[in-house]
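Student: here is a sequence with its predicted model. Questions after.
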2 protein chains.
Amino acid sequence: MKLGWIGVGVMGRHMAARLLRAGHELSVHSRTASRCAPLLAEGATLAASPAEAAEGADAVFTMVGRPEEVEAVILGPRGALDALPPGSLLVDCSTAPPALAEAIASRAAARGVLALDAPVSGGDVGAAAGTLSIMCGGSDEAMRRAAPLLRLLGSRVAHLGGAGAGQHTKMCNQVLACSNMVGVSEALLYAHAAGLDAHEVIRAIGAGAAGSWAVNNLGPRVVERDFAPGFMIEHMTKDLGIALSEAHRMGLKLPGLALAHKLYESLLRHGHGKDGTQALILALEDTVKYT
Amino acid sequence: MKLGWIGVGVMGRHMAARLLRAGHELSVHSRTASRCAPLLAEGATLAASPAEAAEGADAVFTMVGRPEEVEAVILGPRGALDALPPGSLLVDCSTAPPALAEAIASRAAARGVLALDAPVSGGDVGAAAGTLSIMCGGSDEAMRRAAPLLRLLGSRVAHLGGAGAGQHTKMCNQVLACSNMVGVSEALLYAHAAGLDAHEVIRAIGAGAAGSWAVNNLGPRVVERDFAPGFMIEHMTKDLGIALSEAHRMGLKLPGLALAHKLYESLLRHGHGKDGTQALILALEDTVKYT
């Protein structure tokens, strides 16, 4: 198929490469054109704008950072949507507000384009290996058309409902993940203060009823003070901000989410945006500085 | 061996039965003598007091509820410690303050008795199946002597340090577990409010980076409004109270723990002490009532 790809950051570059290697024709666009070089070397062509990546494509994928960028590359001037042929497919893999996904789907429908919100989880490792978890919202027809392509990117591809349902599910994922990380940080702070060997504590409790992916995978990195990012604090803070504002809109009070968001925001303000989410422990170690 | 067992609640009864079935001689005591009937039917003998259960025993196990009970059955009048022969072993499987474990170990040492704090995790199911996780604190000699018996009760038996280290590790377990449960509750509240199918959301996110034992095992029960206890709120509230007071003593601020403790205390005050910990969602659904 003839595909367009917009956004080649830490994850997008791997995802685009997987589509290319599966034999699809790929036109790729990035705000920073030099980032496209590795994909061009594998046979992709460079697009000067999102619109150019979309022209004549069977499907266009977007994987960018902030909601404003999602809006700009899809709905803005020289954006992808206006250039997509009727009957084609638009898949947004970015994490963005559910209301934006609904707006995109509605604008797409008016042009006869099928839209899917399809945010992912699994980090750069999952993106490279094609083992992402992909949470989709959109029509059955959009899902049916996108599924063979999404299965090149992820090992778990779920259809959760209409437009926005993928983004809402991603919010559930982040709400869960942030409180898990609060628990990991506090348990390891306690272990350290009590003079325990934190690695042994993780081994003793990680496989039981207190276990989580976070304690078993990020816990040891916290103990080693390894804050290299699997997933960056600046992205987590953005995601939790969306989740908080959605929760507020729906009349929910989620104090665990509010706590984690406050701690991550404080870390962001103090220059830890590019650290991994496991650096949360820094904010709990020094509650005077990080408030 | 000649063993004593004190405390036959939801978990203790199963643990005692496993020692009995392994061929050990068992003298059993409970505040409520009638609760011993099933063990007597399997060949145990009834002890009228903790002291009677301890007389002439090679080892005595205690598995009771509140710290005051731990203190009473071990250190109180007609308690186990004064009746234990020098050279014997005292294993407390209750969850209790680390300082109490240290006091017990010190009193035991003065009598030539080896003491181990050995709190467990895994619920009644793990107790019956012998698959508990057992977190031990005490001397190497106490650990060496207790290990063959503990392996009849648990599939993970870890020695974390000197007296109190088992209790401290159990506190880490509960600190982790309570924030995991906050995350599960808030993610499922969000999913419901957003109109998603919560079972599908759990399947979509439970196997990835947001996954936990709690979301995969207790999440579906929350969705079904099944609040039957695997582990009761009244016990969790007690444990979190100990953890909070230890954290305070060590100069730690653990806001996630404080949040979960406040929510569980409120549920306890409103009559939910015998519900399972997954009933936490009730406190987040009605933040006006549960404050």
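Tutor: Structure received.

Student: toward the C-terminus, what is the element adjacent to the helix or strand of chain A with the lowest mean pLDDT?
Tutor: Ranked by mean pLDDT, DSSP states H and E, the weakest helix or strand in chain A is helix A:123-129, scoring a mean of 90. Sequence order places strand A:132-138 as the next helix or strand after helix A:123-129, per DSSP states H and E.

Student: name every strand pairing with that following strand and say which way it goes.
Tutor: Pairing partners of strand A:132-138, with direction, according to DSSP bridges: strand A:114-117 (antiparallel), strand A:120-121 (antiparallel), strand A:154-161 (parallel).

Student: mind listing what the spatially closest residue to A:Gly130 that is not a sequence neighbour touches?
Tutor: Distances taken as CB to CB, 6 or more residues apart in numbering or on different chains put A:Arg18 closest to A:Gly130, at 5.5 Å, once the chain neighbours are dropped. All C-beta spots, glycine's among them, are computed from the backbone N, C-alpha and C. Counting by CB atoms under 8 Å, 6 or more residues apart in numbering or on different chains, A:Arg18 touches A:130, A:152-153.

Student: how near is the spatially most distant residue from the centre of chain A to chain B?
Tutor: Farthest-out residue of chain A from its mean C-alpha position, per CA atoms, centre = their mean: A:Gly195, at 37.0 Å. Counting by CB to the nearest CB, to the nearest Å, the separation of A:Gly195 from chain B is 7 Å.

Student: what bridges to A:Arg156?
Tutor: With DSSP bridges as the rule, A:Arg156 is bridged to A:Ser133.

Student: now do the same contact list for it.
Tutor: A:132-134, B:204, B:207-208.

Student: and the buried ones among those residues, selectable in PyMOL?
Tutor: One line in PyMOL is enough to select the buried members of those, burial here meaning 16 or more other CB atoms under 10 Å in any protein chain shown:
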select buried, (chain A and resi 132+133+134) or (chain B and resi 204+208)
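
Student: let's have the contacts of A:Arg156 in CSV, adding pLDDT.
Tutor: CSV is the format used below for the contacts of A:Arg156 (pLDDT from 0 to 100):
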residue, pLDDT
A:Leu132, 94
A:Ser133, 95
A:Ile134, 97
B:Ala204, 96
B:Ala207, 90
B:Gly208, 90
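
Student: show me which of the contacts of A:Arg156 is closest to A:Ser179.
Tutor: Nearest to A:Ser179 among the contacts of A:Arg156, counting by CB to CB, is B:Gly208 at 15.2 Å.

Student: SS state for that closest one?
Tutor: Using DSSP: H, G, I helix; E, B strand; the rest coil as the criterion, the local structure at B:Gly208 reads coil.

Student: distance of the closest residue in space to it that isn't next to it in sequence from A:Cys93?
Tutor: Excluding its sequence neighbours, the residue lying closest to B:Gly208 (CB to CB, 6+ apart) is A:Ser133, at 4.4 Å. Per CB to CB, to the nearest Å, A:Ser133 is found 12 Å from A:Cys93.

Student: give me the common contacts of these two.
Tutor: Common neighbours of A:Ser133 and A:Cys93 (CB under 8 Å, 6+ apart) are A:Val120.

Student: A:Gln174 against A:Ala243, yeah?
Tutor: Yes - at 5.7 Å, A:Gln174 and A:Ala243 qualify as touching, with contact defined as CB atoms under 8 Å.

Student: need the residues of the stretch 51-200 of chain A near chain B, please.
Tutor: Residues of the stretch 51-200 of chain A lying near chain B by CB under 8 Å from any CB of the partner chain: A:98, A:121-123, A:133, A:135, A:156, A:158, A:160-161, A:165, A:168-169, A:171-180, A:182-191, A:193-197, A:200.

Student: can you turn the buried part of those residues into a ChimeraX selection?
Tutor: Selecting the buried subset of these in ChimeraX, with 16+ other CB under 10 Å as the burial test, is done by:
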select /A:98,121,122,123,133,135,156,158,160,161,165,168,169,171,172,173,174,175,176,177,178,179,180,182,183,184,185,186,187,188,189,190,191,193,194,196,197,200
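
Student: so where does A:Ala191 fall, helix or strand?
Tutor: helix A:165-193.

Student: repeat that for A:Arg13.
Tutor: helix A:12-21.

Student: any idea of the angle that helix forms with strand A:132-138?
Tutor: Relative orientation of helix A:12-21 and strand A:132-138, computed by axes from the mean of the first three to the mean of the last three CA atoms, to 10 degrees: 80 degrees.

Student: buried stuff in helix A:12-21?
Tutor: A:12-20.

Student: stretch A:214-233 now?
Tutor: Residues of stretch A:214-233 classed as buried under the neighbour-count rule (16+ other CB under 10 Å) are A:214-216, A:218-220, A:222-223, A:227, A:229-233.

Student: measure the residue in the stretch 1-150 of chain A that chain B sits nearest to to A:Leu160 for me?
Tutor: Closest contact between the stretch 1-150 of chain A and chain B, by CB to the nearest CB, is at A:Ser133 (4.4 Å). Plainly put, A:Ser133 is 12 Å away from A:Leu160 if you go by CB to CB.

Student: which residues do those two both contact?
Tutor: Taking CB under 8 Å, 6+ apart as the criterion, A:Ser133 and A:Leu160 both touch B:Ala204.

Student: if we can go back for a sec, which residues does the residue farthest from the centre of chain A contact?
Tutor: The neighbours of A:Gly195, taking CB under 8 Å, 6+ apart as the test, are B:161, B:165, B:168.

Student: pick out whichever of those sits closest to A:Arg269.
Tutor: A:Arg269 lies nearest to B:His168 out of the contacts of A:Gly195, by CB to CB, at 33.3 Å.

Student: what's the pLDDT at the spatially closest residue to that closest one that is not a sequence neighbour?
Tutor: Leaving aside its chain neighbours, B:His168 sits nearest to A:Ala194 (4.1 Å; criterion: CB to CB, 6+ apart). Predicted confidence (pLDDT) for A:Ala194: 98.

Student: low-confidence bits of chain A, can you list those?
Tutor: Across chain A, nothing is flagged by pLDDT under 70.

Student: 80 - rerun?
Tutor: A:291 (pLDDT under 80).

Student: am I right that A:Lys238 is in contact with A:Arg66?
Tutor: Yes - the pair A:Lys238 and A:Arg66 qualifies as a contact (CB under 8 Å) at a distance of 6.4 Å.

Student: neighbour count for the two, which is higher?
Tutor: Using other CB atoms under 10 Å in any protein chain shown, the more surrounded residue of A:Lys238 and A:Arg66 is A:Lys238, with 20 against 14.

Student: tell me the contacts of A:Pro229?
Tutor: Neighbouring residues of A:Pro229 by CB under 8 Å, 6+ apart: A:274-277.
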